[in-house]
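J.: prediction below, plus the sequence it came from.
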Amino acid sequence: MTIRPYTSSDFDSVIELFRLNTPDYFSPDEEKELKDYLNKHIQHHFVAEANGIILGCGGFAISKDRTTAHIAWDIVHRDSHGKGVGRKLTLFRIEEIRKIESVKIIIVRTSQMAYKFYGKFGFKLKESIAIMKPS
């Protein structure tokens with residue numbers, strides 16, 4: 001498995017990864033947000049692939065003051081869950097972030113389904129928020 005920078009030709013494969021993980025790990029409503037991110041707001045995004053097949057992806061963004069990194073859009077193919085793809089992508093990005101000397105903190109927005117995964121890397125759960133539409 002290799003990790004390389006995301007290119008626009010990976011778009012359809014990344015969207016397929018997202019759909020394979022919906023609704024268990026992502027809300028279908030988030031697909032529009034992912035597409036917007038990939039088309040307009042991407043900073044540092046990577047894909048993990050083996051034999052030309054994308055097994056996972058994930059990125060990070062750096063705050064304007066360059067002191068905070070935000071890990072974003074971790075998605076692993078359903079058939080590759082538990083096989084080290086997410087771990088390798090996360091470690092790769094943490095190492096890339098560490099190269100930016102001004103970064104003092106790394107944040108990841110996660111769900112109840114995945115927060116324990118990030119705990120394995122030293123992330124600490126800070127808050128959990130529940131919301132409801134009134135009708």
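T.: That came through, no problem.
J.: quick one: the helices in this protein?
T.: Assigned helices in the chain, in chain order: 11-20, 30-36, 85-98, 115-119 (criterion: DSSP state H).
J.: worst average pLDDT in those?
T.: Mean pLDDT is lowest for helix 115-119 out of the helices of the chain, coming in at a mean of 83.
J.: lowest confidence element among the helices and strands of this protein?
T.: One helix or strand of the chain scores below all others by mean pLDDT, DSSP states H and E: helix 115-119, with a mean of 83.
J.: how far out from the middle of the chain is that helix?
T.: 13 Å (C-alpha atoms, centre = their mean, to the nearest Å).
J.: and that helix, what does it pack onto?
T.: Packing partners of helix 115-119 (3 or more C-beta pairs under 8 Å, 6 or more residues apart in numbering; DSSP states H and E): helix 85-98. All C-beta atoms are positioned from the backbone trio N, CA, C, and that covers glycine.
J.: and the helix it packs on, which residues are buried?
T.: For helix 85-98, burial by neighbour count (16 or more other C-beta atoms under 10 Å) applies to Val85, Gly86, Lys88, Leu89, Thr90, Arg93, Ile94, Ile97.
J.: surely Ala50 and Ile3 touch.
T.: No. Using C-beta atoms under 8 Å, Ala50 is not in contact with Ile3; the gap is 10.5 Å.
J.: which one's more surrounded, those two?
T.: Higher neighbour count among Ala50 and Ile3: Ile3, with 19 against 11, using other C-beta atoms under 10 Å.
J.: can you list the residues that contact stretch 40-54?
T.: 1-6, 10, 13-14, 17, 38, 55-62, 73, 76-77, 85, 88-89, 92-93, 96 (C-beta atoms under 8 Å, 6 or more residues apart in numbering).
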